[in-house]
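> here is my input, please return the structure:
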Amino acid sequence: IDSTGLKVFGEGEWKVKKHGQERRRIWRKLNLAVDRKTHEIICADLSLNNVTDSEAFPGLIRQTHRKIRSAAADGAYDTRLCHDELRRKKISALIPPRKGAGYWPGEYADRNRAVAN
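Numbering: from 1, shown residues only. Next comes the predicted model:
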């Protein structure tokens, strides 16, 4: 699971190139879940650039209708929101803790073991 930024080109883009005016660019964020064996895109979600990876994560995971055993993602997804959604769907989280991460109370034993290592 990961995301990337996409620049949206509008009809006025050629004017910016031609006349050199600088105007605010429009960006969107594309969140993807990919099958690691087949490289097939399982689900995708397009959001505004002000939506964080962890905020988009639950909606992305809820799109899946297949059995997923584990989900790998980077440290941006190391939030309670993401871990709770994975636990709700019985998916093993392969998310490294963020730098300086602390222990979480409650049902986060797997994550707390990763923090200890």
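> hang on, residue 104 in a strand?
No. Counting by DSSP: H, G, I helix; E, B strand; the rest coil, residue 104 is located in no strand; its state is coil.
> thought it was touching residue 80?
Yes. Between residue 104 and residue 80 there is a contact at 6.7 Å, judged by Cβ atoms under 8 Å. Every C-beta, even on glycine, is put in place using the N, C-alpha and C of the backbone.
> neighbour count for these two, which is higher?
When neighbours are counted by other Cβ atoms under 10 Å, residue 104 and residue 80 differ, and residue 104 comes out ahead with 15 against 12.
> list the contacts of that one.
80, 111, 112 (Cβ atoms under 8 Å, 6 or more residues apart in numbering).
> can you check residue 58 too?
81, 82, 85.
> likewise for residue 59?
Taking Cβ under 8 Å, 6+ apart as the test, what residue 59 contacts is residue 45.
> would it be right to say that it lies in a strand?
No. Counting by three-state DSSP, residue 59 is not part of a strand but helix.
> low pLDDT regions in the chain?
Residues of the chain that meet the criterion pLDDT under 70 lie in 10-14, 20-25.
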